[in-house]
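Q: structure of the sequence below:
(chains A, B, C and D)
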There are 2 protein chains.
Amino acid sequence: MGIHMPWPSPDLAERLRSAGLRPTRPRLALARLLFDAGHRHVTVEELHKEAIAAAIPVSLATIYNSLHQFTAAGLLREVVIAPGRLYFDTNVDEHHHFVWESTGMLQDIPEKEIAVLGIPAPPIGTEISHVEVTIRLRPLD
Amino acid sequence: MGIHMPWPSPDLAERLRSAGLRPTRPRLALARLLFDAGHRHVTVEELHKEAIAAAIPVSLATIYNSLHQFTAAGLLREVVIAPGRLYFDTNVDEHHHFVWESTGMLQDIPEKEIAVLGIPAPPIGTEISHVEVTIRLRPLD
DNA sequence: GTGTTTGCAAAGTGTTTGCAATTTA
DNA sequence: TAAATTGCAAACACTTTGCAAACAC
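A: Numbers count the residues shown, from 1 in each chain, chains lettered A, B, ... in the order given. Okay, here's the model as predicted:
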């Protein structure tokens, strides 16, 4: 855990199978778009357009379903940066983000670059699931 | 900036006026609910229910409008913790959050408690608007 | 009185769901 | 063949908008 294979990717069908998901044609095609090109941040709409452009005629509903299934299976992580701006992040390891407030764009910051000191003890009955630092940017000037 | 008056609150009408907002009856009533009881995290729906319960018959549309106007005026800050879970935070100073993943609940962590080290230089053409640390919690066991 | 704000109901948006047809194993 | 998955279209929940009436100044 924590280590990502560079491309060429491991067998995607196998990866889906071990996540408990049948490697159907739509899912494999989406997995290729998502995981065969390094870490990505995609929105539902973007992925749908990409799929259509790649001559993979998946319906929007299937995009939604697949992204949620992938997320539940731990293959993706959701990142919300503003109301109505939801990304699915193929980097599921602990890491941080730059967020361009003007465009909604997102950029990863490796976990190792940033140290968070003084994290308070988690409230009784809870444990820390993860810690994320979001650095919001505005255009200079 | 960064210092908040404890209650009793300064004159709310004046506060709205200097934010460029006419102190209308609905806006004053909402401002009282929001700002007269220390820092709060409210959702649109919660505030609407509170207003109705307080015999202030504002429409949902007015809640939406007012919250957005207050936000644009710098009296509130939006905090999205998951798709569809938007809070308006009356604490507009730099600070951090605990987020209960199971319930969506939110709790402030004062800015001073946490130190973020190693923040990378902002990408060319941008400056840092703010840095927030989100600590997600899951139930113990 | 003039320009702003409100409430209502209608129109949008983005997301989910039900179900018959299709596909996987 | 049996069970899971897909696509479509309808249903949803949430948010915004248009406009006449009410209000602030």
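
Q: mind checking the longest strand of chain A?
A: Secondary structure of chain A per DSSP state E: the longest strand is strand A:126-139.

Q: pairing partners for it, with directions?
A: strand A:95-100 (parallel), strand B:126-139 (antiparallel) (DSSP bridges).

Q: centre of the chain versus stretch A:69-84, how much separation?
A: Here the centre of stretch A:69-84 is set off from its chain's centre by 6 Å, with C-alpha atoms, centre = their mean, to the nearest Å.

Q: next, count neighbours for A:Arg40.
A: Using other C-beta atoms under 10 Å in any protein chain shown, A:Arg40 has 19 other residues around it. C-betas here are computed from N, CA, C, even on glycine.

Q: how far away is the spatially most central residue of chain A from chain B?
A: The structure's chain A has its C-alpha centroid closest to A:Asp89; by C-alpha atoms, centre = their mean the separation is 1.3 Å. Per C-beta to the nearest C-beta, to the nearest Å, A:Asp89 is found 13 Å from chain B.

Q: so what's that residue up against?
A: A:His39, A:Arg40, A:His41, A:Leu76, A:Arg77, A:Glu78, A:Val79, A:Leu106, A:Asp108 (C-beta atoms under 8 Å, 6 or more residues apart in numbering or on different chains).

Q: again with A:Thr62
A: Listed by C-beta under 8 Å, 6+ apart, the contact set of A:Thr62 reads A:Pro26.

Q: who in chain A is up against DNA strand C?
A: A:17, A:22-25, A:44-45, A:60-61, A:64-65, A:68, A:84, A:86 (C-beta under 7 Å from any atom of the strand).

Q: how about the strands in chain A?
A: Using DSSP E, the strands assigned to chain A run over residues A:41-42, A:77-82, A:85-89, A:95-100, A:106-110, A:115-117, A:126-139.

Q: tell me which residues in the third one are buried?
A: The one in question is strand A:85-89. For strand A:85-89, a neighbour-count test (16 or more other C-beta atoms under 10 Å in any protein chain shown) marks A:Leu86, A:Tyr87, A:Phe88, A:Asp89 as buried.

Q: starting from that strand, tell me which strands it pairs with and how they run.
A: According to DSSP bridges, strand A:85-89 forms sheet pairs with strand A:41-42 (antiparallel), strand A:77-82 (antiparallel).

Q: in chain A, what residue lies closest to DNA strand D?
A: With C-beta to the nearest atom of the strand, the shortest gap between chain A and DNA strand D falls at A:Thr62, namely 2.8 Å.

Q: flag the shaky bits of chain A, pLDDT-wise.
A: Per-residue confidence for chain A (pLDDT under 70) gives these ranges: A:1-10.

Q: near DNA strand D, which residues of it?
A: Counting by C-beta under 7 Å from any atom of the strand, chain A sits next to DNA strand D at A:21-22, A:24, A:26-27, A:57-59, A:61-62, A:65-66, A:83.

Q: now A:Ala73. Nearest residue, chain neighbours left out?
A: Nearest residue to A:Ala73, sequence neighbours excluded (C-beta to C-beta, 6 or more residues apart in numbering or on different chains): A:Ala19, at 3.7 Å.

Q: show me what contacts the residue lying closest to A:Leu34 once chain neighbours are set aside?
A: Of all residues beyond its chain neighbours, the one nearest A:Leu34 is A:Thr90 (5.5 Å), with distances taken as C-beta to C-beta, 6+ apart. A:Thr90 is in contact with A:Leu34, A:Phe35, A:His39, A:Arg40, A:His41, A:Val42, A:Leu75, A:Leu76, counting by C-beta under 8 Å, 6+ apart.
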